[in-house]
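S.K.: predicted model and sequence below, questions to follow.
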Amino acid sequence: MSEKPILVVMAAGMGSRYGGLKQIDPVGPSGEAILDYSLYDARRAGFETVVFIIKHEIEDAFKEAVGARALRAGLEVRYAYQQLELLPEGFSVPEGRQKPWGTAHAVLSAREAIGNAPFAVINADDYYGPAGFRLVYEYLSQPHDTDKAAWAMVGFLLGNTVSENGSVSRGVCVTDAAGDLVSVTERTCIETYEGGIHYTEDDGASWTDLPADAIVSMNLWGFTNAFLQEAQAGFAAFLQQNLPVNPLKCEYYLPSVVTAALEEGKASVHVLTSTDKWYGITYREDKPALVEALRRMSAEGLYPQDKLF
């Protein structure tokens, strides 16, 4: 691989979604934010460059609060801006549209900042643990003898991603004998119950069990430049199909680009399984569990007892 893998962080929704920069809300024993742990784990996995995808509206606050931390972590920092007006020629923003165009559009917004390097993509507000960053960096750093684009997804065990405080949505993955992704099925109402995990598709009238070791996607991906080409090629068609029926809320999702490339035989996606526990703050009640877990991990030596950087 001629260029080292870089890390892309999707953070454009930080301001609008949470009414502030929730991703710098302190959760670590020395006031660290969730994103600090991702930057720390990425840096020790080998990443040297990070691209933050943000909006101009939060630029100053983000650079002061988050960009400065990344620099202290020893990372080269680049910025990309996801703006509604970034559309293919011939398209314009529908009147009244405020919602971003989705995760695939976010990554497209970073095309110049990414260049030709292979890259990993993460959410800004999730804790992934060190294994996922190590796995995806190693995969992206190796040559792959294939006539298709060689991509990767870090999968997590379902039981390590559910919340005890309410239902969650997860992309449940099916892989083949070689460990390559066959399909991802979105389950939008997954809950724990005494003795297991199950989901419903009819508002609780019936439930179907899911194994705790089912592999789920938590938006930690590894891509080559071919992903940007596929996303760009499919964006206009997406807009043509969806703007007439849902002009204010349709979103161009990253997994839809992956699915199309798989179906057309243009890419393979190798699933790298992390056994680390994933944490997010889906519910307010989730935060104490994350705070306690990070305190414990620091006490056990996985992270420094003092500030990360």
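M.R.: Yep, that arrived. Remember, it's a predicted structure, so these values are computed and weren't measured experimentally.

S.K.: L294 in helix, strand or coil?
M.R.: helix (DSSP: H, G, I helix; E, B strand; the rest coil).

S.K.: is it true that it touches G31?
M.R.: No - using Cβ atoms under 8 Å, L294 makes no contact with G31, being 11.0 Å away. The C-beta positions use only the backbone N, C-alpha and C, and glycine is treated the same way.

S.K.: more neighbours, these two?
M.R.: When neighbours are counted by other Cβ atoms under 10 Å, L294 and G31 differ, and L294 comes out ahead with 22 against 11.

S.K.: contacts only, for S109.
M.R.: A12, I53, A80, Y81, Q82, Q83, L86 (Cβ atoms under 8 Å, 6 or more residues apart in numbering).

S.K.: can you tell me which of those residues are in strands?
M.R.: Residues of these located in strands (DSSP state E): I53, A80, Y81.

S.K.: what's the local residue count around the last one?
M.R.: For Y81, the neighbour count with other Cβ under 10 Å is 17.

S.K.: R43: which element?
M.R.: helix 34-45 (DSSP states H and E).

S.K.: and the contacts of that helix?
M.R.: Under the criterion Cβ under 8 Å, 6+ apart, residues 7, 9, 11, 23-25, 27-28, 50, 66, 69-70, 73-75, 120, 122, 124-130, 132-134, 136-137, 279, 281, 290, 294, 303, 308-309 lie in contact with helix 34-45.

S.K.: pull out the buried residues from those.
M.R.: By neighbour count, with 16 or more other Cβ atoms under 10 Å, those hold 7, 9, 11, 23-24, 27-28, 50, 66, 69-70, 73, 75, 120, 122, 124-130, 132-134, 136-137, 279, 281, 290, 294, 303, 308-309 as buried.

S.K.: next, the buried residues of the helix or strand where V50 lies.
M.R.: Using DSSP H and E, V50 falls within strand 49-54. With burial defined by 16+ other Cβ under 10 Å, the residues of strand 49-54 counted as buried are T49, V50, V51, F52, I53, I54.

S.K.: ditto for stretch 205-217
M.R.: For stretch 205-217, using 16+ other Cβ under 10 Å, the buried residues are W207, L210, A214, I215, V216, S217.

S.K.: surely the fourth one and L272 touch.
M.R.: Yep, that's I215 we're talking about. No - under the criterion of Cβ under 8 Å, I215 makes no contact with L272, lying 10.0 Å away.

S.K.: can you list residues touching both of those two?
M.R.: Shared contacts of I215 and L272, defined by Cβ under 8 Å, 6+ apart, comprise G155.

S.K.: so, low pLDDT: which residues of the protein?
M.R.: 1-2, 14-24 (pLDDT under 70).

S.K.: now the strands for it?
M.R.: Using DSSP E, strands in the chain cover 6-10, 49-54, 76-81, 119-123, 126-127, 149-157, 168-175, 181-193, 196-199, 208-210, 215-223, 267-274, 279-280.
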